[in-house]
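Novice: A predicted structure for the sequence below; I have some questions about it.
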Amino acid sequence: MINLLVENFLKPKTLEEAYDMLISNKKNMVIAGGAWIKLSIKNVLGLISLDDLNLNKIEVKDDSIEIGSMVTLREVELSNHLNELYDGVLSSAVHKIMGINIRNLATIGGSVMGRFAFSDIYPPLLVMDTKLVFYKQGEISLSDFLANPKMEKDILLKIVIKKEEGRGFFKKVATTPLDFAIINIAVSKTLAGFKICLGSTPYIGALAKDAMIFINSKKVINEEVLDKTVELVLGELKISKNVRASKTYKEELASVYVKRGIRKVISDVN
Ligand SMILES: Cc1cc2nc3c(=O)[nH]c(=O)nc-3n(C[C@H](O)[C@H](O)[C@H](O)COP(=O)(O)OP(=O)(O)OC[C@H]3O[C@@H](n4cnc5c(N)ncnc54)[C@H](O)[C@@H]3O)c2cc1C
């Protein structure tokens, strides 16, 4: 049964109008694709549509790719520009989310703002250089946004990914293709070094910073370095059992796929 009770459906024509509506009452909220909201139990006074605010474009700039918050997951998946960035790490992660019908509806903005611990998009976004641009609060790094769950109400306008020559790897492990991840793993490599991220552990996606410092201090990546990197990843990121899998199984998956990811991003094969 769906328990979404909405008194007014609001269609602002400007961002200013939308923001004023959002902050005017704590029972007002933004709707993007609505795929998730419609499953929630909520009593909403004003549901604010972002449909008419021109937030649905992917724009390629000299040094970045800007994804409007209303761009659908399907558009992200099919974007040639995003497919070329870090071996298409974001597009391949999005491709694993539900079926095409949901991806045609769900937006990248709703996916970021949902703060879903099971998210398949945080790990690939975190291993790239990703910033969020909000109407009121301006630019915030994705890491800072995730670290601050109490952020004041705002409208996400776009996601900005720095264009870099980089390699990428993403793996979602799930019991069935339509399931949430048991765990997901992303790895990237640029001239600045490696980035390693685990998500759905079942905690929200996070970078393994100690492991990154360690591996980035090494000139040669051999088995010993891979083993130590994995040990650091497992030591610093929280992994727990949940309904999907035991802690031990998740750790085993993380160990295998972190190594596989590192090997992939340093290999000649795409
Ligand atoms: C059945 C189902 C299965 C799913 N499985 C997965 C999965 O396996 N992996 C995965 O990663 N994701 C999964 N998702 C999540 C999905 O990918 C989207 O993240 C989700 O639907 C939210 O996107 P939306 O456009 O529908 O947002 P909405 O439902 O419209 O909004 C979600 C939240 O974000 C807020 N919001 C939306 N846009 C903005 C904005 N621009 N500014 C401020 N706040 C905003 C809304 O107020 C609301 O709180 C699943 C979703 C569904 C419905």
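Specialist: Perfect, I can see it now.

Novice: now stretch 214-231: how far from the chain's centre is it?
Specialist: Centre-to-centre, stretch 214-231 and its host chain are 26 Å apart (C-alpha atoms, centre = their mean, to the nearest Å).

Novice: And it, end to end?
Specialist: 11 Å (C-alpha to C-alpha, to the nearest Å).

Novice: Give the buried residues for that stretch.
Specialist: Across stretch 214-231, burial judged by 16 or more other C-beta atoms under 10 Å covers Phe214, Ile215, Ile221, Val225, Leu226, Thr229, Val230. For glycine as for every other residue, the C-beta is placed from the backbone atoms N, C-alpha and C.

Novice: just those that are near the ligand?
Specialist: By C-beta under 6 Å from any ligand atom, no member of the buried residues of stretch 214-231 lies near the ligand.

Novice: farthest pair in these?
Specialist: Ile221 and Val230 (12.3 Å; C-beta to C-beta).

Novice: Now the residue in the stretch 101-250 of the chain positioned nearest to the ligand. Nearest residue, chain neighbours left out?
Specialist: Of all residues in the stretch 101-250 of the chain, Gly110 sits closest to the ligand, at 2.1 Å by C-beta to the nearest ligand atom. Distances taken as C-beta to C-beta, 6 or more residues apart in numbering place Ala32 nearest to Gly110, at 3.8 Å, with adjacent residues excluded.

Novice: list the contacts for that neighbour?
Specialist: If you count contacts by C-beta atoms under 8 Å, 6 or more residues apart in numbering, Ala32 has them with Leu50, Ser69, Met70, Ala106, Thr107, Gly109, Gly110, Met113.

Novice: go with 10 Å
Specialist: 49-51, 55, 69-72, 105-114, 156 (C-beta atoms under 10 Å, 6 or more residues apart in numbering).

Novice: So among these, which ones count as buried?
Specialist: Going by neighbour count (16+ other C-beta under 10 Å), those have 49-50, 55, 69-72, 105-114, 156 buried.

Novice: Of these, which belong to strands?
Specialist: Ser49, Leu156 (DSSP state E).

Novice: burial count for Gly68?
Specialist: 22 (other C-beta atoms under 10 Å).
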